[in-house]
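Participant: what follows is a predicted structure for the sequence shown.
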Amino acid sequence: MTEMEDRFEEDGTEQEAQDDSGFARVYMVELLYKTKPELSREALYAKMEAYTGHVDVPNDDAENEEDEAEAEDDQADVPGLAVWEAEASDPNNDTLMFFHLNYKVAYEEGEFPAQTCVFRANGETKPEKYEAAMQQAWHWPEARGTVEACRHSVLLTDFCAAGLPYKERLELFQNALRALLEVAPCDALYWSASDKLVEPEQYLGAVAEGQTLYGAMNVRFYNVQGRGTERREFLMDTTGLAALGLPDLQCHFYDMEPGEVASVLGDLGYYLYNRGDVIQDGETIGWTEQQRWRCEHQYALAEPRRYVLDLDPGEPYYAGRQHHDGNR
């Protein structure tokens, strides 16, 4: 058993407090800035309409108690809206909320539009918060220097959107992010669900070219130490898919080229995104007769706690332990 496996077996208390699947009830991206950004409500509203379709915003023009009471009555029949009503009427609060009428979520009481919310983070950003993401930013060598120079941040979250089909949810979120980036361009993007830092222009270009998961999925690489062997032992995994309701991927292996494994994980991540969680325990994936990797759903070896599809490349390369019984 590896040190990572030991850590996860011992940390049962923290695991129980989390959603074992890794699913994100609220999805979030943080926009990091070197200088304090200016947010225009009117410009952002126009961009939101352009990229997400018809939107509505909370009424912040109530002149008296009668108006506010009427608004509360209107909101009482709509699940989740009352969470924001106090802030919506506060002129000193720069939180911007949008109700996306083209993205409806079904509740027992009826359909309700998904929301996105834009607000400034409290206080200055702390670079150490992003240390793990900076260590894995192989795709962006300048990430550390850029993030360490940032002192301000704006958060974009969704709300009441977890019930959307995962592709619609990510589509809505990415379109809202596009709108926000055009109104208030930032220096770095931090995707909380994938623990990934990306350069904003690279992100926009990648998504425009069809790389839907450029920010939403991260491929991580770990050099595993302490096993008392001369062999090169590594762990590679993805983060971000579980947040959408899919399994992430992992491969714990000896002596293979990390670039080859990263390519398999990246391609398979897009396959799962396009097709869903369709690979069954015990099935194999591969592109040649020699490359047949056995798949099994497990808990992740590396944090955060979540479901993954573990990949066994076979002897003599596999360094993990599949259960062969279909149980997580």
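Facilitator: Right, received. Where do you want to start?
Participant: any low-confidence regions in the stretch 201-328 of the chain?
Facilitator: 226-229, 287, 323-328 (pLDDT under 70).
Participant: and the host helix or strand of residue 45, which residues are buried?
Facilitator: Residue 45 is located in helix 41-52, with elements delineated by DSSP states H and E. For helix 41-52, burial by neighbour count (16 or more other CB atoms under 10 Å) applies to 44-45, 47-48, 51-52. In short, each C-beta sits where N, CA and C put it, glycine included.
Participant: could you do stretch 243-261 as well?
Facilitator: For stretch 243-261, by 16+ other CB under 10 Å, it's 243-254, 256, 258, 261.
Participant: before we move on, what about stretch 144-163?
Facilitator: If you call a residue buried by 16+ other CB under 10 Å, then stretch 144-163 has these buried ones: 144, 146-147, 150, 152-162.
Participant: which of those fall in strands?
Facilitator: 152-159 (DSSP state E).
Participant: closest one of those to residue 108?
Facilitator: Proximity of these to residue 108 (CB to CB) peaks at residue 159, which lies at 18.3 Å.
Participant: quickly list what the closest one is bridged to.
Facilitator: Per DSSP bridges, the residues bridged to residue 159 are residue 115.
Participant: quick one on the thing from earlier: the helix holding residue 45 packs against which elements?
Facilitator: strand 55-56, strand 96-107, strand 110-120, helix 166-183 (3 or more CB pairs under 8 Å, 6 or more residues apart in numbering; DSSP states H and E).
Participant: starting at the chain centroid, how far to it?
Facilitator: 23 Å (CA atoms, centre = their mean, to the nearest Å).
Participant: same deal with stretch 23-35?
Facilitator: Chain-centre distance of stretch 23-35: 9 Å, with CA atoms, centre = their mean.
Participant: low-confidence ranges, the stretch 1-150 of the chain, go.
Facilitator: 1-18, 59-93.
Participant: rerun that using 80 as the cut-off
Facilitator: 1-19, 58-94 (pLDDT under 80).
Participant: now the helices and strands packed on helix 41-52 as TSV including distance to residue 202 and mean neighbour count?
Facilitator: Output for those, formatted as TSV (distance: least, CB to CB, whole Å; neighbours: other CB atoms under 10 Å):
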stretch	distance to residue 202	mean neighbour count
strand 55-56	27	18
strand 96-107	26	18
strand 110-120	22	19
helix 166-183	12	20
